[in-house]
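J.: Give me a 3D structure for the following:
(chains A, B, C and D)
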Protein chains: 2
Amino acid sequence: MQPPAVGVSVVILALGPEETAADCRDAMPSRLWLPLVRRVRQPFLGRWALPGGDLRADRSLEQSAYHALETTTDLHPRYLEQLYTFGDPARSHGGLPMVSIVYWALVGKAEAHDFTEADNVRWFPEDELPELAFDHRQIIDYALWRLRNKIEYPDIATKLVGDTFTLRQLHHVYEAITGEAIDVANFRRRMLLSGELEDTGEKLRDGRHRPAAVYRYNPDRSRVSTAPPVGPPRDAPTIEELEGQRIEDALSALMPSARA
Amino acid sequence: MQPPAVGVSVVILALGPEETAADCRDAMPSRLWLPLVRRVRQPFLGRWALPGGDLRADRSLEQSAYHALETTTDLHPRYLEQLYTFGDPARSHGGLPMVSIVYWALVGKAEAHDFTEADNVRWFPEDELPELAFDHRQIIDYALWRLRNKIEYPDIATKLVGDTFTLRQLHHVYEAITGEAIDVANFRRRMLLSGELEDTGEKLRDGRHRPAAVYRYNPDRSRVSTAPPVGPPRDAPTIEELEGQRIEDALSALMPSARA
DNA sequence: CCAAAAGTGTTAAAAGTACACCCATGA
DNA sequence: TCATGGGTGTACTTTTAACACTTTTGG
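T.: Modelled structure (predicted):
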């Protein structure tokens, strides 16, 4: 009996633009959007599917995921973590048996707007997904569940906004993801007491109201580690390391986007 | 560039026997033990390593893990969950590049004693591991970290003892895993208030003291789901389903141990 | 002045912690 | 009866949640 083939897929999540409901002039809290690619072969030809790619023996899994994400959507994740490995033989529905090592990624609001909106790549809101190929719908549901369970950590939430943000914006992120109302006063206190937000000193005027302080995420090393241990799940360079390498590689053909 | 080979490995954890320290007649809280197998080929010939096996295209990942665990150690897990997939090219140290889909398993105290203590399989206490092949040491550390972070859920702890247990025994499990002292009175209350323990009505005499009530784990469906969502990470039959199948398969050559 | 968001304070309920204490049992 | 663990009560601290209130801005 043959071993199955292996590939890597990525669930990319980003905060959509603020929307205005038809019957209400207030901006609703944004929803989560994710890019999908259209399949160009059987099975499920023409169906939407998760971006993915091959696994090469000379790359780490994270590098492969990063590469797949970059080449298909031209995005650069601010967060990238392994989600789960799927390998049930029944999941390929007529294709060859396939093991998918799935990562989930977060991209910032700004970056999500200059993606390549090609014919074969399109963004969908999380609650209006089309019919998907394979078991990709369940995979996305699982990724969303993971996000909702990890959102308590401030570093995750800050990955969905820009480098700097007001507490109001961050608050919107939390509400969009958890789907429930969160008391602003208590939210503010928790965030500031976590010690991971740094005041940039800037102010941001939104409407005709009082301007809000602008913060930046800044991890607090003094905190007790809730993160992975001495032997973390990392088996690859971090995103930071990849970023460094990516810049050196910038002249290679990997990046269609213009970047010095 | 070739894709790497794929295999499945399992970190099996069990509670060891109660130990008696030399300088103290009290039984210490048990430690965690895990079985390792000796490698019979290069690289790392002769070194201890995690039990593992191949991935077959007609089995789910969980089935493959279950099978690998069963054939190498003759144990039957009470808990089996995917841990992480490792695939850094550097991890094979001279071997062929290899992706390892790693599961972690818990076996009960009773079952852990009738394992096949063959020449090539041996149990080690978690804090006295030998030098291991590949990156298996980091993998074990990660599994232990996951266990320590999941132990708050009563269902995990109960998998490490028998089907029935006293609160004292369960208390020992928690202390062994977290490594710190836990107030018995508060522990008792938390466990009973969780509503997941059912009194069997039996009593168990340990020493010359008052007998303790014997409980059984019984999941409380009324509780809010902290478990995976509508689209869980399951892509395979559960352990219960595998158990059923395993009994039917008992006559096949898979199981060295005698079992009707 | 008003509306609306920024930001602060106060209080009550809940959850977690420490520890004193009584009970049951076999030796 | 004594030592030992089984089991209960209680007071105290910390965390969480609810919500009233003051401040700053543009119109």
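
J.: Okay, now the unreliable bits of the stretch 1-150 of chain A?
T.: Along the stretch 1-150 of chain A, the model assigns pLDDT under 70 to residues A:1, A:18-29, A:110, A:112-117.

J.: can you give me the helices for it?
T.: Here the stretch 1-150 of chain A has its helices, by DSSP state H, counting those that start in this stretch, at A:61-73, A:136-150.

J.: residues of the shortest one that come out buried?
T.: Across helix A:61-73, burial judged by 16 or more other C-beta atoms under 10 Å in any protein chain shown covers A:L61, A:E62, A:Q63, A:S64, A:A65, A:Y66, A:H67, A:A68, A:L69, A:E70, A:T72, A:T73. (Glycine included, C-beta is placed from N, CA and C.)

J.: Kindly report the residues of chain A close to DNA strand C.
T.: A:26, A:166-168, A:184-186, A:188, A:206-213 (C-beta under 7 Å from any atom of the strand).

J.: Swap in 10 Å and give it another go.
T.: For chain A, the contact set with DNA strand C under C-beta under 10 Å from any atom of the strand comprises A:25-27, A:166-169, A:171-172, A:183-189, A:192, A:199, A:203-215.

J.: quick one: the nearest residue to A:V99 once chain neighbours are set aside and B:M98, what's the gap?
T.: Counting by C-beta to C-beta, 6 or more residues apart in numbering or on different chains, A:G87 is the residue found nearest to A:V99 once chain neighbours are left out, at 4.1 Å. Counting by C-beta to C-beta, to the nearest Å, the gap from A:G87 to B:M98 is 16 Å.

J.: So between those two, which is more surrounded?
T.: Higher neighbour count among A:G87 and B:M98: A:G87, with 29 against 19, using other C-beta atoms under 10 Å in any protein chain shown.

J.: Which of the buried residues of helix A:61-73 sits closest to chain B?
T.: Chain B has its nearest neighbour among the buried residues of helix A:61-73 in A:L61, at 4.0 Å by C-beta to the nearest C-beta.

J.: Mark out where each domain of chain A begins and ends.
T.: A:1-22+A:29-150+A:234-260, A:153-220 (automatic domain parsing).

J.: can you tell me if the longest one touches DNA strand D.
T.: No - for domain A:1-22+A:29-150+A:234-260, no contact with DNA strand D is found by C-beta under 10 Å from any atom of the strand; the gap never falls below 14.9 Å.

J.: mind checking how far that domain is from the chain centre?
T.: Chain-centre distance of domain A:1-22+A:29-150+A:234-260: 8 Å, with C-alpha atoms, centre = their mean, to the nearest Å.

J.: residues near A:P43, how many?
T.: 13.

J.: That one and A:A133 touch, don't they?
T.: Yes - judged on C-beta atoms under 8 Å, A:P43 makes contact with A:A133 at a distance of 7.4 Å.

J.: ranges for the strands of chain A?
T.: Along chain A, counting by DSSP state E, strands occupy A:5-15, A:19-20, A:27-28, A:32-38, A:48-49, A:52-54, A:79-86, A:98-106, A:121-125, A:164-166, A:197-204, A:212-217.

J.: ok, the residue of the stretch 51-200 of chain A at minimum distance from chain B to B:D199 distance?
T.: Shortest the stretch 51-200 of chain A-to-chain B distance, computed as C-beta to the nearest C-beta: residue-wise this is A:D141, at 3.0 Å. The spacing between A:D141 and B:D199, counted by C-beta to C-beta, is 37 Å.

J.: okay, those two: which has more neighbours?
T.: Comparing A:D141 with B:D199 by neighbour count (other C-beta under 10 Å), the higher total belongs to A:D141, at 19 against 11.

J.: mean confidence for stretch A:191-200?
T.: Average pLDDT, stretch A:191-200: 93.

J.: which other residues reach that stretch?
T.: Under the criterion C-beta atoms under 8 Å, 6 or more residues apart in numbering or on different chains, residues A:154-155, A:164, A:167, A:170, A:213-220, A:222-223 lie in contact with stretch A:191-200.

J.: so how far is it off the chain centroid?
T.: On C-alpha atoms, centre = their mean, the centre of stretch A:191-200 falls 22 Å from the chain's centre.

J.: For it, measure first residue to last.
T.: 15 Å (C-alpha to C-alpha, to the nearest Å).

J.: do that stretch and DNA strand D meet at all?
T.: Yes - part of stretch A:191-200 sits near DNA strand D under the criterion C-beta under 10 Å from any atom of the strand, namely A:L193.

J.: now A:P89, nearest residue through space, not along the chain?
T.: Nearest non-adjacent residue to A:P89 (C-beta to C-beta, 6+ apart): A:P97, at 4.9 Å.

J.: residue contacts, the one you found?
T.: Counted by C-beta under 8 Å, 6+ apart, A:P97 has contacts A:P4, A:A5, A:G87, A:P89, B:A57, B:D58.

J.: hmm, which of those residues are the buried ones?
T.: Buried, going by 16+ other C-beta under 10 Å: A:P4, A:A5, A:G87, A:P89, B:A57, out of these.

J.: ok, which pair from those residues is furthest apart?
T.: The distance between the two most remote of those (C-beta to C-beta) is 11.7 Å, for A:A5 and A:P89.

J.: To what extent is A:P77 buried, counted in neighbours?
T.: A:P77: 26 neighbours (other C-beta under 10 Å).

J.: That one contacts A:G108, correct?
T.: No - here A:P77 does not reach A:G108: they are 9.2 Å apart, not a contact under C-beta under 8 Å.

J.: Next one: A:L50 from DNA strand C, what distance?
T.: 35 Å (C-beta to the nearest atom of the strand, to the nearest Å).
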